[in-house]
Each structure stands twice: as C-alpha cells, then as structure tokens.
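Participant: quick one, fold the following:
(3 chains)
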Amino acid sequence: MNHWLVKSEPEAYSWADFVREAGTDWTGVRNYQARNNLQAMQPGDLVLFYHSVSEKAVVGVAIVHAHHAPDATAEPGSPWVAVHLRPHAPLARPVPLAALKAEPRLARLGLIRQSRLSVTPVQPDEFDVVLALSEG
DNA sequence: GCCAACGTTGGC
DNA sequence: GCCAACGTTGGC
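Facilitator: Okay, the predicted model is just below:
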C-alpha cells in the first residue's frame, strides 16, 4: 500500500465538506507531476488531507476508493484524471505545517520540499510520524 | 500584501 | 531549443 498527501484550500473544499459528502472525485488537478501521482494511486491507499493557505495543517486521512478515471471537469480527450476518495478518519488533532517542519523525520516530506505540488507521495514512516504527531 | 518557487507561453 | 515574460500557488 502506498501513502499520499493532497492539498485543498478549506475555503474551496474542506475536510468538513468531504465528510458531509462522504467522499468526492478529486478533480481539478492540472499539473503533470500531480497527475502522475493520481495515476499511481490504488484502492486502499491512505491519503493525508492537508488544508493549505488559511489553516496550513493536516486534518484527516482519506482512503482511495477507486483508481484514476478521466477528470469529468476537464475537456474530453485531455490528459487529466481524478480518483475517488472517501473519508477514512479525522486526525485526533490537526498537525500544523510548523510542526511538520520542526520534525527532523519529515525533512524529506514532499509537502515541504515541493510546497506547490498538490498531490505528493508520502513514505510509510513519514505517514506514521504524522499520525503520531496528531496523537502526541 | 509581498515574494519565492515554479509551470507555461510565445518570440526568436 | 532557449529564455524572457507572465500567471499561479501558497507560505510568511
């Protein structure tokens, strides 16, 4: 199983919206590197859900429910894809970006190294560290 | 509000 | 194919 992190501005689409809808097609990604990451997602993969801009914290864990399909919000024939995500569990407490940056074991986290990339892989040990921070 | 990072576009 | 200009994202 692989692990990932997706970003969303909570003003545009929040964890609360996601829970209310009990899942969503993760559409709107228009960057090839991020798209490649969407294409690599498999059902059952766990995905950290990060609120960017106003909150800057990891707030929950989603699970990949269906692997990639053409993004219905993109032009037909375009290369963009979406996966279907469902809520898995909220974090016990949100983990702020500052806490991620302060943790040496997360120094190589994609979110930190490439802050603009909206879909990034997460190593299993990094995933565990984030969960531990939310419980600590 | 500013600015760094970075992707895209288009002229040459 | 190079690179300057420009737009967007997102942290500070």
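
Participant: can you list the residues of chain A near DNA strand C?
Facilitator: Proximity of chain A to DNA strand C is confined to A:K7, A:E9, A:S52, A:V53, A:K56, A:L97, A:A98, A:K101, A:S115, A:R116, A:S118 under the rule CB under 7 Å from any atom of the strand. In this view, the C-beta of every residue, glycine as well, is placed from N, C-alpha and C.

Participant: surely A:Q33 forms part of a helix?
Facilitator: Yes. According to DSSP: H, G, I helix; E, B strand; the rest coil, A:Q33 belongs to a helix.

Participant: and A:E11, how many neighbours does it have?
Facilitator: When neighbours are defined as other CB atoms under 10 Å, A:E11 has 11 of them.

Participant: could you list the low-confidence segments of chain A?
Facilitator: Scanning chain A for pLDDT under 70 picks out nothing.

Participant: hmm, back to that, so which of the residues of chain A next to DNA strand C are also by DNA strand B?
Facilitator: Restricting the residues of chain A next to DNA strand C to those near DNA strand B by CB under 7 Å from any atom of the strand leaves A:R116.

Participant: drop anything exposed from the residues of chain A next to DNA strand C.
Facilitator: The neighbour-count test (16 or more other CB atoms under 10 Å) applied to the residues of chain A next to DNA strand C identifies A:K7, A:S52, A:L97, A:S118 as buried.

Participant: which of the residues you listed sits closest to DNA strand B?
Facilitator: Of all those, A:S118 has the smallest distance to DNA strand B: 10.4 Å, by CB to the nearest atom of the strand.

Participant: DNA strand C versus A:E21, what's the distance?
Facilitator: 20 Å (CB to the nearest atom of the strand, to the nearest Å).

Participant: scratch that, A:V81 is what I was asking about
Facilitator: Distance check for A:V81 against DNA strand C: by CB to the nearest atom of the strand, it reads 17 Å.

Participant: counting neighbours, what do you get for that residue?
Facilitator: By the criterion of other CB under 10 Å, A:V81 has 21 neighbours.

Participant: quick one: it and A:N36 touch, right?
Facilitator: No. Counting by CB atoms under 8 Å, A:V81 stays clear of A:N36, with 9.5 Å between them.

Participant: okay then, goodbye and thanks.
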